[in-house]
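K.L.:
Fold the following and give me the result.
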Amino acid sequence: MPRRGRGRNFGRGHWRGRGRGRGRGSSSSDAGPNEEETSESIGTSESVGTSEDLDKSLECSSDQTEEIKENTEEEKEGVEEEPGDTEGVFLKEGDVGITEYISSSPGFSAIIKQRYSDFIVNEIDEEGRLVRLTSLEVDRSQMPADEEDDDTGLDGVLSPEQKEKLDDFNANPNPKRVIDICAPVDKVTRGKVHQIVRVRYKKLESDTLVEDDVRFIRISVKGAGGHWGSGQHFRQQNFQRKPWPAGFGNYCRFVLYKENMDTMEAVHKLTKFFHINKNMFQFAGTKDKRAITSQEVTVYRVKAEKLVGANRYFYKMALGNFRYVEQPLKLGQLSGNRFTIVLRDVTGTDEVIDSALQSLKTNGFINYFGMQRFGTTAIPTYRVGKELLKSNYKEAGELILQPRPGEKDFITECRKNWWKDKNCTQMLKVLPRKYNIERALLEGLIKFGENNYANAFQMIHRNTRMLYLHGYQSYIWNHVASDRIKKFGMEPMVGDLVYKGDLKDVAFKEENRQSSANGSLEGGSTSSRVSPEVVTAETLSQYTIHDVILPLPGFDVQYPDNEVGLWYAKLMAEDGLKLEDLKHSNKNYALPGTYRRLIILPKDLMWQSYMYSDVTKELTQSDLDLLQKKPEPVSDPDGTIKALKIELSLPQSCYATMALREILKIDTSAAYQATLNHGVMPDRSPTAMVVKEMQTKQSALGQ
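P.N.:
Okay, here's the model as predicted:
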């Protein structure tokens, strides 16, 4: 339930003053992708669905006690669930093909996202405008006229006698008095009678009632509670929405500001608060949970005046910058994201830091799919995706449901009991509702049969299922990208695929495009929507490494015309798959493929160092801070700890963690970041070996 009376005074003093991670206790590996896919934590205890997965992810318990308990737990800042024994649980970067770096700088040590306020994300819309929360009020001067308050065309609806009675009643309201008017047969005319009461008689209200099969309109004093009278009649219920004013666009577009909650959780809260259909909200992409984010959202035929009322009730969330538009937002309808990131407990010298960031600015970073793409438990998404591509539905389903290390004892016991006797009904009874993927699969097994995993998977929303397949595509892409950089370096070569245009959101949109049953694409277009060029000896000098693109494996993409193109089939063969298997006989699992840039250059990269001693000191300014005109954080001359604030813009589907990885030369996986939680520095020898190898290679090449 929304927590009433909280959040009235927006800002950090009210929302974010309670324990958001002291010392090293809140470091996290999910440092935030610029991930505009329908991302979620697959198979984890926090599976919240995808941006199109509203049918499943927004389901909630009708038990009010459970709901309050869950919301209370969600709002405890800085409190993480105990992970249990995590040794050997989490993936490491090398497990998913993330092994190489561009620069040979040694990197430096720092903690990523020690506090969620250290990670701020502002969406960049399709026109390249930065999305910011700059107003919490409805600017009525910018709003179209509301025809509901317009009494044009209402003259003549009431008779002079009826009008006289209502004028007197409105001037002398008596709670014990009612006026009954014979209801017009025409529904439109009845609506005009109600509109007259709303617009012209502000102290009165009206209802359509039926008594002895006779319909009439009863007018009474607002709030008098005299609608029912003493007769045997009932109020005629009308659940149809009020007519939408013609001067308004069909959608209200607004900025959603949120702290320490993901996009799906925020939408979930809004649907419950406004009691509206969960599919009425649309957005361009999901944003991180452990961050402060601002993004645009559209909602179908809900007025700004209603939306703004939520600001008085919600905790760590605000709505603003309202306007009406004709079209809803669609997935991928953005240019990218602007990140403001604070790294704390930095140990590098200014020279090392500047060198690393200058390299990032000039050379960019390898456009790996970050660790978030592969889930956060011992069962990575790509393993499930691999089994689905092989049509091993039972194996895929068991990977999702089977016991795994690193979970709470209660969940572990629940999974073990299922693994022992495969009692889906019993597991469904005790499994918490937030495990929506597991619950959907169990419901499918109950419905279709305990061994009918193929049909049971259809109970999971398509976009959620596709995340497993995309995880496998990403796994292959990362390995190919690493081998390409390791073997051939930072120069284009003959046979590479290149594209000089703006790929923009091609990769994102194509991943979510439906394939037809025979593997051809809907609409007859190609999967890439771009036509990459193949580098030849004659054109080699025209391109740089920043023009090189690599395909995500699929049945409708072009592969590099060199050794790199052969690696795809080789890697898939190691998993018992062929490229032809991507043209799956089941259209739900067919993958057309798409293209992704090998190297990304961040835009508008800026950085600044701070000194501080208090680990709770805020070093960034959120949109709400700017609204409240809070002073900009300054460095403490007596501080003993160094922090680094980095600002950069990335295209959609790029991971900010991979940019940080390039400058820090550290593993961004949960396995590594967990060591920082206890102040234990990890063995960085693998990184040191990679850097030393690169330095040796560059020296040999005379670079």
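K.L.:
middle-most residue in the protein, spatially?
P.N.:
For the chain, Thr286 is the residue whose C-alpha lies nearest the centre (C-alpha atoms, centre = their mean; 1.7 Å).
K.L.:
Regarding the residue of the chain positioned farthest from its centre, what is its secondary structure?
P.N.:
Taking C-alpha atoms, centre = their mean, the residue of the chain most remote from its mean C-alpha position is Glu161, at 58.6 Å. For Glu161, the assignment made with DSSP: H, G, I helix; E, B strand; the rest coil gives helix.
K.L.:
returning to what we had before: could you verify that the residue nearest to the centre of the chain is part of a helix?
P.N.:
No. Thr286: not assigned to a helix; according to three-state DSSP it is coil.
K.L.:
which residues touch the nearest residue to it once chain neighbours are set aside?
P.N.:
Leaving aside its chain neighbours, Thr286 sits nearest to Thr263 (4.4 Å; criterion: C-beta to C-beta, 6 or more residues apart in numbering). For glycine as for every other residue, the C-beta is placed from the backbone atoms N, C-alpha and C. Counting by C-beta atoms under 8 Å, 6 or more residues apart in numbering, Thr263 touches Ser51, Leu256, Phe283, Gly285, Thr286, Lys287, Thr293, Gln295.
K.L.:
Verify the stated contact: Ile545 with Met490.
P.N.:
Yes. If you go by C-beta atoms under 8 Å, Ile545 and Met490 touch, sitting 4.9 Å apart.
K.L.:
Residues that sit against both of the two, list them.
P.N.:
Contacts common to Ile545 and Met490, judged by C-beta under 8 Å, 6+ apart, are Ile599.
K.L.:
Comparing the two, which shows the higher neighbour count?
P.N.:
Neighbours per residue, other C-beta atoms under 10 Å: of Ile545 and Met490, the larger number sits with Ile545, 21 against 18.
K.L.:
From Leu497, how far off is the more buried one?
P.N.:
12 Å (C-beta to C-beta, to the nearest Å).
K.L.:
Could you do Arg415 as well?
P.N.:
Plainly put, Arg415 is 43 Å away from Leu497 if you go by C-beta to C-beta.
K.L.:
more crowded one of these two?
P.N.:
Using other C-beta under 10 Å, the more surrounded residue of Arg415 and Leu497 is Leu497, with 26 against 18.
K.L.:
contacting residues for that one?
P.N.:
Pro532, Glu533, Val534, Val535, Val548, Ile549, Leu550, Pro551, Gln558, Tyr559, Pro560, Tyr595.
K.L.:
can you list the weak-confidence ranges in the chain?
P.N.:
1-90, 142-153, 224-242, 504-529, 670-703 (pLDDT under 70).
K.L.:
Longest helix in it, please.
P.N.:
When the chain is parsed with DSSP state H, its longest helix is helix 462-488.
K.L.:
What residues of that one count as buried?
P.N.:
462-485, 488 (16 or more other C-beta atoms under 10 Å).
K.L.:
So what's the gap between the helix or strand where Asp604 lies and the chain middle?
P.N.:
Per DSSP states H and E: Asp604 is located in strand 603-612. Chain-centre distance of strand 603-612: 26 Å, with C-alpha atoms, centre = their mean, to the nearest Å.
K.L.:
ok, Ser359 touching Ile102?
P.N.:
Yes. Judged on C-beta under 8 Å, Ser359 makes contact with Ile102 at a distance of 7.0 Å.
K.L.:
gap between the two ends of stretch 301-312?
P.N.:
With C-alpha to C-alpha, to the nearest Å as the measure, stretch 301-312 spans 21 Å from end to end.
K.L.:
Do you have the strands of the stretch 201-350 of the chain handy? List them.
P.N.:
Under the criterion DSSP state E, counting those that start in this stretch, strands of the stretch 201-350 of the chain are mapped to 204-211, 214-221, 233-235, 251-259, 281-283, 292-300, 317-325, 336-344.
K.L.:
Let me know which of those strands is the nearest to Asp354.
P.N.:
Among the strands of the stretch 201-350 of the chain, strand 336-344 comes nearest to Asp354, with 14.0 Å by C-beta to C-beta.
K.L.:
what's the angle between the closest one and strand 292-300?
P.N.:
150 degrees (axes from the mean of the first three to the mean of the last three C-alpha atoms, to 10 degrees).
K.L.:
buried residues in stretch 564-584?
P.N.:
Buried residues in stretch 564-584 (16+ other C-beta under 10 Å): 564-565, 567-568, 571-572, 575, 577, 579, 581-584.
K.L.:
Same check on stretch 409-418?
P.N.:
Neighbour counts over stretch 409-418 (16+ other C-beta under 10 Å) mark Ile411, Cys414, Arg415, Trp418 as buried.
K.L.:
what separates the helix or strand containing the first one from the chain centre, distance-wise?
P.N.:
Take DSSP H and E as the rule and Ile411 turns out to sit in helix 409-421. Averaging C-alpha coordinates over helix 409-421 and over its chain gives two centres that are 30 Å apart (C-alpha atoms, centre = their mean).
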